[in-house]
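Student: need a structure here:
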Amino acid sequence: MHTFAVERRDLGSVNPVLAHAVEARMLGRPVMVDPLTVAPKLSASSLRAERDLREQVRGLREQLDSSINALHVAPPNVRRVVDTALALAGQPPLSDGEGPGATGLVAPPDLRAGWERTVAGLADPLSGQPRPLTFDADAASAHEEDAVLAHLGHPLVAQATRLLRSALWGGRTALHRIAAVRFTPPDGTGIEGVLVAVFARLVVVGSDGQRLHEEVMLAAREVPPSGRSRRVELEQPRFSGLRAAVEGALEPHASRLAPEAQRVLVAARWPELEPQLAGDVQARAAERAAALERDLARRRDQETRSTEAVFGQLRLTLESALAGPGPVQLTFDELEREERQQLERDRHAWEARLEGLGEERDRELADISRRYAGVRELVFPFAVAVCVPDEGMGR
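Tutor: Purely as a prediction, here's the structure:
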């Protein structure tokens, strides 16, 4: 018994659970297993990893769908961008695929005047025959061997977006920037008259001209049948449903032309509305710029810390290189001399860089401070949407 006590004491100093198991077995008692000491089987670990992976994939898919809805880059929207750009460029329109199983496919386009380069990758690598296009990722998955996905980075889509941007900002191409549509405002918004919304591009730049922020903002006014118009804050959270209704009314599948009488009403009152809407856009831009001050200050501090860290690490690297061992003796005298000369040139370059590193760091930090000290906002209104509410809606 004395011997058992000693052995138990020794085992307990190593593993108390093991000592308990040995004592129980020697005394004839059942061995109680500590659940904390039970390691999971490989199958359980694999199932947990698979479950975690599925959750991550599900979360990423939800994030992707949310981004597509927020940015309005669904397949019909991308198709409309390409159709509009081809019409502006005088190119033949796209034709939908024909035959069974061709839903969502576009026949190989016959483009010219430089646009043919944007569809050069449609040829099948084996047969050389042109393949159809599709703007839908699901259709591309179903036809992964005989169709090409026209995603946002595809040359045809990229060329189309460049042309539309130049038409918006340059004015060299005739592009209608006014749309009059019907829409269904949410209940309780109080919208009874026509809602005129202005889409504007807000760009925040630093004193050196570097772009620090960019977004598309909305400013709107309600125009009643009689009386003065009133400003509606579509950017405010309480009007998020109203903004979603306005944006949804411009979707390709939901566009409904507004009645002629309402369009004439807005046209007649446009001389009165134009300066008011211009003031609303400027006021909204000033509000957004004020709200972005904290974010810009955070970015300035982050850039400052990153710059200091980069130069600090560079200083340590140069000092470590200069304090390292000298050249290794080699067998060939000529090679040793070349290696020594190269090392001497490297050391001189390192010493020169280390000597001017402080001034370079100060210049970089001064540029960051100056960039964020002279922030200004630039506003470019580019489209007007005249939204007529459905009868009895929005009250």
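
Student: Would you map the strands across the stretch 151-300 of the chain?
Tutor: 178-183, 194-205, 211-223, 230-232 (DSSP state E, counting those that start in this stretch).

Student: Pick the most deeply packed of those strands.
Tutor: Comparing the strands of the stretch 151-300 of the chain by mean neighbour count (mean count of other C-beta atoms under 10 Å), strand 194-205 ranks first with a mean of 21. The way it works is simple: take the backbone N, C-alpha and C, and place the C-beta from them, glycine included.

Student: where does residue 332 land on pLDDT?
Tutor: At residue 332, the model reports a pLDDT of 44.

Student: burial count for residue 373?
Tutor: 10 (other C-beta atoms under 10 Å).

Student: In space, what's closest to the spatially most central residue of the chain - neighbours in sequence excluded?
Tutor: By C-alpha atoms, centre = their mean, the chain has its centre lying nearest to residue 67, at 7.8 Å. Excluding the flanking residues, the one nearest residue 67 by C-beta to C-beta, 6 or more residues apart in numbering is residue 73, at 8.0 Å.

Student: Pop the domain breakdown of the protein in here.
Tutor: 2-69, 72-166, 178-395 (automatic domain parsing).

Student: comparing the ones you listed, which gets the lowest mean pLDDT score?
Tutor: Ranked by mean pLDDT, the domains of the chain end with domain 2-69 at the bottom, a mean of 61.

Student: Mind listing the residues bridging to the closest residue to residue 212 other than its chain neighbours?
Tutor: In this structure, residue 212 finds its nearest non-sequential neighbour in residue 204, 4.9 Å apart by C-beta to C-beta, 6+ apart. With DSSP bridges as the criterion, residue 204 is bridged to residue 213, residue 377.

Student: Now do the contacts for residue 204.
Tutor: Taking C-beta atoms under 8 Å, 6 or more residues apart in numbering, we find residue 204 in contact with 211-214, 289, 292, 296, 375-378.

Student: and those, which two are the farthest apart?
Tutor: Farthest apart among those by C-beta to C-beta are 296 and 378. That separation is 14.8 Å.

Student: And these two? Which one has more around it.
Tutor: A count of neighbours by other C-beta under 10 Å puts residue 296 above the other of residue 296 and residue 378, at 17 against 12.

Student: JSON lines for the strands of the stretch 151-300 of the chain, including distance to residue 261?
Tutor: Listed next are these as JSON lines, based on distance: least, C-beta to C-beta, whole Å:
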{"stretch": "strand 178-183", "distance to residue 261": "11"}
{"stretch": "strand 194-205", "distance to residue 261": "10"}
{"stretch": "strand 211-223", "distance to residue 261": "13"}
{"stretch": "strand 230-232", "distance to residue 261": "21"}
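
Student: right, and those strands - which one's nearest residue 366?
Tutor: strand 211-223 (17.2 Å).

Student: Could you tell me the angle between the closest one and strand 194-205?
Tutor: Per axes from the mean of the first three to the mean of the last three C-alpha atoms, to 10 degrees, the angle that strand 211-223 makes with strand 194-205 is 170 degrees.

Student: number of nearby residues for residue 262?
Tutor: So residue 262, with other C-beta under 10 Å, has 19 neighbours.

Student: ok so, going back, quick one: which of the contacts of residue 204 is nearest to residue 148?
Tutor: Using C-beta to C-beta, residue 214 comes nearest to residue 148 of the contacts of residue 204, at 30.5 Å.

Student: need the contact list for the nearest residue to the closest one once chain neighbours are set aside.
Tutor: Excluding the flanking residues, the one nearest residue 214 by C-beta to C-beta, 6+ apart is residue 203, at 5.0 Å. Residue 203 makes contact with 211, 213-214, 377-380 under the criterion C-beta under 8 Å, 6+ apart.

Student: Tabulate those residues in JSON lines, adding columns for distance to residue 88.
Tutor: Shown next, in JSON lines, are the contacts of residue 203 (distance: C-beta to C-beta, whole Å):
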{"residue": "211", "distance to residue 88": "26"}
{"residue": "213", "distance to residue 88": "29"}
{"residue": "214", "distance to residue 88": "24"}
{"residue": "377", "distance to residue 88": "30"}
{"residue": "378", "distance to residue 88": "25"}
{"residue": "379", "distance to residue 88": "25"}
{"residue": "380", "distance to residue 88": "19"}
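
Student: closest to residue 169 among these?
Tutor: Among these, and counting by C-beta to C-beta, the member closest to residue 169 is residue 380, at 6.7 Å.

Student: For the closest one, give its distance to residue 201.
Tutor: Distance, residue 380 to residue 201, by C-beta to C-beta, to the nearest Å: 4 Å.

Student: now do residue 362
Tutor: Taking C-beta to C-beta as the measure, residue 362 falls 36 Å from residue 201.

Student: How about residue 80?
Tutor: Counting by C-beta to C-beta, the gap from residue 80 to residue 201 is 19 Å.

Student: for residue 135, same thing?
Tutor: 25 Å.

Student: Kindly report the same for residue 129.
Tutor: Distance, residue 129 to residue 201, using C-beta to C-beta: 42 Å.

Student: Also residue 182?
Tutor: From residue 182 to residue 201 the distance is 26 Å (C-beta to C-beta).

Student: number of nearby residues for residue 60?
Tutor: Counted with other C-beta under 10 Å, the neighbours of residue 60 add up to 10.
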